[in-house]
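Trainee: 3D, please:
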Amino acid sequence: MGAEKFINKSELEICNGECRVVIESNVVEAEKLAIKLEKFESKKCVVKGDIEKYTIKIKNDSCFEIKDALFKDLIPFGLKYIKDSFTVNGKHEKAAVMGQSLVFKFEKICCGEEVIVSFETEVL
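Mentor: Numbering: from 1, shown residues only. Take a look at the predicted model:
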């Protein structure tokens with residue numbers, strides 16, 4: 001089998017009063033919220049058995065604290081999440097695996113804060 005490229009999608013859901021915003025990567029910015037979400041991968045092409053590390057930077061450039069933001073990452077078929085590889089700012093956290101999605105709820109993201117999420121997958 002040759003090298004393959006998988007499309008991987010991350011999103012951040014923010015519920016602020018009556019406004020619900022879903023921000024998807026790569027490099028997307030919500031105008032009023034001033035939230036940026038960037039996604040990086042460790043390899044451009046992968047083969048069976050490779051480990052692929054994903055890093056997502058979430059930046060809150062707004063003037064307010066974001067509470068209860070829900071991070072979701074769609075893990076494409078052909079990739080398997082490596083258990084316990086999920087970290088937030090270098091600290092291991094427990095993310096829920098729901099079907100092909102990885103889900104984590106942030107209690108809060110302070111104004112001006114940048115959060116770095118990372119996790120690994122294996123190519124099947």
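Trainee: Could you point out the helix or strand that follows the helix or strand bottoming out on mean pLDDT in the chain?
Mentor: Sorting the helices and strands of the chain by mean pLDDT, DSSP states H and E puts strand 28-30 at the bottom, at a mean of 41. Per DSSP states H and E, strand 28-30 leads on to strand 35-41 as the next helix or strand towards the C-terminus.
Trainee: send the alpha carbons of that next one over as PDB?
Mentor: Taking C-alpha atoms only, strand 35-41 is exported to PDB below (Å, rounded to 0.1, in the frame of the first residue of the first chain):
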ATOM      1  CA  ILE A  35     -11.200  32.600  18.400                       C
ATOM      2  CA  LYS A  36      -8.600  31.000  16.200                       C
ATOM      3  CA  LEU A  37      -8.200  27.200  15.700                       C
ATOM      4  CA  GLU A  38      -5.200  25.800  13.800                       C
ATOM      5  CA  LYS A  39      -4.400  22.200  13.200                       C
ATOM      6  CA  PHE A  40      -1.000  20.700  12.400                       C
ATOM      7  CA  GLU A  41       0.000  17.100  11.600                       C
END
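Trainee: Now do it: distance to the chain's middle.
Mentor: Mean-position distance between strand 35-41 and its chain equals 8 Å (C-alpha atoms, centre = their mean, to the nearest Å).
Trainee: So which bits of it are buried?
Mentor: Using 16 or more other C-beta atoms under 10 Å as the test for burial, strand 35-41 gives Ile35, Lys36, Leu37, Lys39. (Glycine included, C-beta is placed from N, CA and C.)
Trainee: For Glu113, see how far away the residue nearest to Ser85 when sequence neighbours are not counted is.
Mentor: Among residues not flanking Ser85 along the chain, Glu120 sits closest, at 4.1 Å (C-beta to C-beta, 6 or more residues apart in numbering). Relative to Glu113, Glu120 is positioned 24 Å away (C-beta to C-beta, to the nearest Å).
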